[in-house]
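Trainee: No sequence on hand, only this structure:
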């Protein structure tokens, strides 16, 4: 199978699935903390993200990011934290050290878009998976496919020195409106010991999302802290 065919599959999936709104069970683990909660997850390419942590009293935490900005409201502290949408700030409030655009692409069930210099394909006879390796300016991206038709099941981001920067996996595929959606998504960042597991429920594909969804106003009586 030529690399261009697998790349076309990925591009078609990106174009078909532009946004998602779903209830989600999200478990975050790192050396500093471990937590699991029911959340509302909203994502839209290329860089829009909103997460709300739900509990019986209502929303206890909200994070919104768009256009390079990030804001996080912590109800117990009665504060809104605002700053740039950097990997460090995403890790601080969402538990995973990734670029926002990468996080959005992963949550939509596929590898982040990269500028590819060359690509190659080979099979893994022991697993039945097909591997697409794409050389990039900063290293490589390796995408594993499985099933019939072939769907992405794992992606690895490799640094220039050959080190594994992060790994994501996609499984529990379900047909939603005729689209094969990965409803379980996991990410591991070996360098930081961070991992996150997302399980989607009742996902809505390509909902209409006004820009205000990704804006987090400061509630009356809350203070603001600049990051």
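Mentor: All right, it came through fine. All figures in this text were calculated on a predicted structure; none of them were measured in a lab.
Trainee: Identify the residues contacting the most far-flung residue of the chain relative to its centre.
Mentor: Of all residues in the chain, residue 221 has its C-alpha farthest from the mean position, at 32.2 Å, by CA atoms, centre = their mean. Residues in contact with residue 221 (CB atoms under 8 Å, 6 or more residues apart in numbering) are residue 78. The way it works is simple: take the backbone N, C-alpha and C, and place the C-beta from them, glycine included.
Trainee: Regarding stretch 173-186, how distant is the last residue from the first?
Mentor: 13 Å (CA to CA, to the nearest Å).
Trainee: I figured residue 100 hits residue 91, correct?
Mentor: No - using CB atoms under 8 Å, residue 100 and residue 91 do not qualify as a contacting pair, with a distance of 11.3 Å.
Trainee: Of the two, which one has the most company?
Mentor: Neighbours around residue 100 and residue 91, counted as other CB atoms under 10 Å, are more numerous at residue 100. The numbers are 25 against 18.
Trainee: Quick one, grab the pLDDT at the more buried one.
Mentor: At residue 100, the predicted lDDT confidence score is 97.
Trainee: ok, now residue 134?
Mentor: Taken from the predicted model, the pLDDT recorded for residue 134 is 98.
Trainee: ok, the closest residue to residue 10 other than its chain neighbours to residue 9 distance?
Mentor: Leaving out its chain neighbours, the residue that sits closest to residue 10 by CB to CB, 6 or more residues apart in numbering is residue 110, at 6.0 Å. Counting by CB to CB, to the nearest Å, the gap from residue 110 to residue 9 is 9 Å.
Trainee: the more surrounded of these two?
Mentor: In this view residue 110 and residue 9 are compared by other CB under 10 Å, and residue 110 has more residues nearby, 22 against 19.
Trainee: and stretch 106-122, how far from the chain's centre?
Mentor: What separates the centre of stretch 106-122 from the centre of its chain is 14 Å, taken as CA atoms, centre = their mean, to the nearest Å.
Trainee: Which parts of this protein are strands?
Mentor: Taking DSSP state E to define them, one finds strands in the chain at 19-29, 34-44, 48-55, 58-66, 69-74, 79-84, 116-124, 129-136, 139-146, 151-158, 164-176, 179-189, 194-205, 223-226.
Trainee: right, and those - which one's nearest residue 4?
Mentor: Each of the strands of the chain was scored for nearness to residue 4 using CB to CB, and the closest is strand 116-124 (7.9 Å).
Trainee: So what touches that closest one?
Mentor: Contacting residues not belonging to strand 116-124 are listed as 1-4, 6-7, 129-137, 141, 144 [CB under 8 Å, 6+ apart].
Trainee: Among the strands of the chain, which comes closest to residue 211?
Mentor: Taking CB to CB, strand 58-66 is the member of the strands of the chain nearest to residue 211, at 7.1 Å.
Trainee: now the closest one, how far from the centre of its chain.
Mentor: The gap between where strand 58-66 is centred and where its chain is centred comes out at 16 Å by CA atoms, centre = their mean.
Trainee: so how far is residue 135 from residue 103?
Mentor: Distance, residue 103 to residue 135, using CB to CB: 23 Å.
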